[in-house]
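Visitor: Could you work out the structure for the sequence below:
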Amino acid sequence: MKRVIFFFIAISALVACGPSKPLSPEEQAELNVKKAKYRDIFQSQSFALEANTVYNKKGQSMHVNSTINFVLLKEGTGTLQLGFDQLVGWNGVGGITLDGNVKNYEVIEGSDRQMPKVKFDMNGVLGWATVNISVNSSGMARATIDGNFGERITFSGPIYSLEESHIYKGSSLF
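Guide: Prediction:
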């Protein structure tokens, strides 16, 4: 009986995850415009991912204020800021702000249906971090940050050029 149930689950998973239908020319053109927009933002190396959700290494999520939780790149310098409205932190906005120099910056072009991604290393006073950012066609981005601070943290939210962003950077003590 267990084998029959497993067989039906496997077949339904294959059907649900099977090949997708080809995009219409209008859909492909719209996707290409979005890909070009985010490729330009990534290549400018000046953008902000305003996180409205933060995940820990176990995948547990917490909704946060996007004006004080972000990943920022500006002119070869990166900033990771984590803040909580209810707390007083080292940075003055309930958390911590880490600044560092960006190294090994790489924009990864997506295939026909995939959006561009970016990967870079950030070296600061407190150590290093590797940041991987992916964006979907609706503009929602996900930044996974691995560093020598022992925790993997993931920021999720919209990504904007610096002119469009609405962030508040706290003081960086390090």
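Visitor: what bits of the chain have low per-residue confidence?
Guide: Applying pLDDT under 70 to the chain picks out residues 1-20, 90, 173-174.
Visitor: Let's see that with 80 instead.
Guide: 1-21, 23, 85-94, 110-113, 126, 149-150, 170-174 (pLDDT under 80).
Visitor: most residues in a single strand of it, which one?
Guide: Scanning the chain for the strand with the most residues, using DSSP state E, yields strand 95-108.
Visitor: What ranges does the protein have for its helices?
Guide: With DSSP state H as the criterion, the chain has helices at 2-16, 25-44.
Visitor: Tell me how many other residues surround Glu163.
Guide: By the criterion of other Cβ atoms under 10 Å, Glu163 has 7 neighbours. The way it works is simple: take the backbone N, C-alpha and C, and place the C-beta from them, glycine included.
Visitor: Can you give me the distance of it to Met115?
Guide: Distance from Glu163 to Met115, counting by Cβ to Cβ, to the nearest Å: 21 Å.
Visitor: for the spatially closest residue to Leu23 that is not a sequence neighbour, what are its contacts?
Guide: Nearest non-adjacent residue to Leu23, counting by Cβ to Cβ, 6 or more residues apart in numbering: Leu31, 6.7 Å away. Residues near Leu31 by Cβ atoms under 8 Å, 6 or more residues apart in numbering: Leu23, Arg113, Ser137.
Visitor: What is the neighbour count of the residue nearest to Ala129 when sequence neighbours are not counted?
Guide: Distances taken as Cβ to Cβ, 6+ apart place Gly147 nearest to Ala129, at 3.4 Å, with adjacent residues excluded. Other residues within reach of Gly147, judged by other Cβ under 10 Å, total 20.
Visitor: so Gly147 sits right up against Gly124, yeah?
Guide: No. Assessed by Cβ atoms under 8 Å, Gly147 is found out of contact with Gly124, at 9.4 Å.
Visitor: joint contacts of these two?
Guide: Contacts common to Gly147 and Gly124, judged by Cβ under 8 Å, 6+ apart, are absent.
Visitor: quick one: the strands in the chain?
Guide: Ranges of strands within the chain are 47-50, 53-55, 61-63, 70-74, 77-83, 95-108, 117-124, 127-135, 140-147, 152-161, based on DSSP E.
Visitor: now these in JSON lines, with distance to Ser172?
Guide: Formatted as JSON lines, the strands of the chain follow (distance: least, Cβ to Cβ, whole Å):
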{"stretch": "strand 47-50", "distance to Ser172": "16"}
{"stretch": "strand 53-55", "distance to Ser172": "19"}
{"stretch": "strand 61-63", "distance to Ser172": "22"}
{"stretch": "strand 70-74", "distance to Ser172": "11"}
{"stretch": "strand 77-83", "distance to Ser172": "7"}
{"stretch": "strand 95-108", "distance to Ser172": "4"}
{"stretch": "strand 117-124", "distance to Ser172": "9"}
{"stretch": "strand 127-135", "distance to Ser172": "14"}
{"stretch": "strand 140-147", "distance to Ser172": "16"}
{"stretch": "strand 152-161", "distance to Ser172": "17"}
